[in-house]
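# Make a model of this:
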Amino acid sequence: MTMSGQAEDRPPRLYEEWASWFHLLTAPEEYAGKAELYRGLIEEAFERAPRTVLELGSGGGNNASHMKAHFELTLVDRSPQMLDVSRALNPECEHVVGDMRTIRLRRLFDAVFLHDAVAYITSEPDLRAVIETAFEHCRVGGVAVFVPDDVRERFGPRTGHGGHDGATRSLRYLEWAWDPDPADTMYIVDFAYLLRDETGAVRAEHDRHVCGVFPRNAWRRLLEEAGFRPDVRTTEYDEEGGGELFVARKRPSSSR
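Purely as a prediction, here's the structure:
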């Protein structure tokens, strides 16, 4: 499928040239409930409280701003601009530039966490690579939590809107998710932004996000092939998408 307006592997403009506006689109405080849910899913997998957590695709650090009170976080994102946004919010966390498909830190963590950044993985080989990255960084007996925006069985077109006011700037957005070809593993999310700057001038911008969506059984198969024991959970907090996530334990029998 050809997605005009954005190269498939190029990050959306929000994560590069408009990164400084990110927290006016989605504010850290909006993540308190979700982050508490994810923290609980991680902690329930352990008899003793886990300490170290690797977040792949940490973006602007919204989840980390809540989870850092409970874990020692290492935050990885492919966008240096987004890591700058996160550093300002989470200066006590370690930040590393890297692609979730290929990064190797040569360290093991109690848990690995992937929130909606995994939605930008659009092919099964790339999803396999992401799962392998999580596996390589998860200690035996540890857990990886994957939170895709959608699974294929639950995907449907949707719209949304929102935005926030800052001290000197404001943002409002309209979001439209749609799928031009349900037979493949990609869909589109188009964003229309209204950006009001410090002078009061308002401009309109368009940003196309090319996202991936996979069947539930594909997730299970790839997780099992990597060496995880996956469990599918549903959650009321993932109102943006399919409402399903995957809690995957690294099997003690694994040789890696």
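
# Can you show me the strands along this structure?
With strands called from DSSP state E, the chain shows them at 52-56, 72-77, 94-97, 109-114, 138-146, 158-165, 170-178, 186-196, 202-212, 228-234, 244-250.

# Which strands or helices does the third one pack on?
Contact here means 3 or more CB pairs under 8 Å, 6 or more residues apart in numbering; DSSP states H and E; on that basis strand 94-97 packs against strand 72-77, helix 80-89. For every residue, glycine as well, the C-beta is placed using N, CA and C.

# right, so of the strands of the chain, which gets closest to R10?
With CB to CB as the measure, strand 202-212 is the member of the strands of the chain nearest R10 (8.8 Å).

# Quick one: distance of that closest one to the chain centre.
Strand 202-212 has its C-alpha centroid displaced from the chain centroid by 17 Å (CA atoms, centre = their mean, to the nearest Å).

# Could you do stretch 166-181 as well?
Using CA atoms, centre = their mean, the mean C-alpha position of stretch 166-181 is found 17 Å from that of the whole chain.

# Stretch 221-233 too?
Centre to centre, stretch against its chain (CA atoms, centre = their mean), the figure for stretch 221-233 is 18 Å.

# now stretch 141-153
10 Å.

# Stretch 123-133 now?
14 Å.

# mind exporting it as CSV, just the C-alpha atoms?
Output in CSV follows, covering the C-alpha atoms of stretch 123-133 (Å, rounded to 0.1, in the frame of the first residue of the first chain):
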residue,chain,number,x,y,z
SER,A,123,5.0,-5.3,8.9
GLU,A,124,5.2,-8.7,10.6
PRO,A,125,9.0,-8.9,10.1
ASP,A,126,9.4,-5.6,11.9
LEU,A,127,7.0,-6.7,14.7
ARG,A,128,9.1,-9.9,15.1
ALA,A,129,12.2,-7.7,15.4
VAL,A,130,10.6,-5.5,18.1
ILE,A,131,9.5,-8.6,20.1
GLU,A,132,13.1,-10.0,19.7
THR,A,133,14.4,-6.7,21.1
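
# E94 contacts F71, correct?
No. Shown here, E94 and F71 do not form a contact pair, counting by CB atoms under 8 Å, at 11.7 Å.

# Neighbour count for these two, which is higher?
With neighbours defined as other CB atoms under 10 Å, E94 and F71 compare such that F71 has more, 23 against 13.

# Could you pull up the contacting residues of the closest residue to the more buried one other than its chain neighbours?
Nearest in space to F71, with sequence neighbours left out and distances taken as CB to CB, 6 or more residues apart in numbering, is V53 at 4.2 Å. Listed by CB atoms under 8 Å, 6 or more residues apart in numbering, the contact set of V53 reads 42, 67, 71-74, 109-113.

# make it 10 Å
38-39, 42, 64, 67-68, 70-75, 93, 109-113, 142-143, 145 (CB atoms under 10 Å, 6 or more residues apart in numbering).

# And E43, by the same measure?
Remark: with contacts taken as CB under 10 Å, 6+ apart, E43 is in contact with 49-50, 70-71, 110-111, 143.

# how many neighbours does P80 have?
When counting by other CB under 10 Å, one arrives at 12 neighbours for P80.

# if I look at it, how far off is E92?
19 Å (CB to CB, to the nearest Å).

# and what of R216?
Look at R216 and E92: by CB to CB, they are 37 Å apart.

# So which of those two has more stuff around it?
Using other CB under 10 Å as the criterion, R216 and E92 rank with R216 on top: 16 against 9.

# nearest spatial neighbour of the more buried one, skipping sequence neighbours?
Counting by CB to CB, 6+ apart, the nearest residue to R216 once its immediate chain neighbours are dropped is V151, at 4.9 Å.

# residue at max distance from the center of the chain?
T199 (33.0 Å; CA atoms, centre = their mean).

# Tell me which residues touch that residue, please.
Contacts here follow CB under 10 Å, 6+ apart; on that basis T199 touches 168-169.

# With G59 instead?
Taking CB under 10 Å, 6+ apart as the definition of contact, the neighbours of G59 are 14-15, 19, 22, 26, 75, 77-79, 82-83, 85-86, 115-117.
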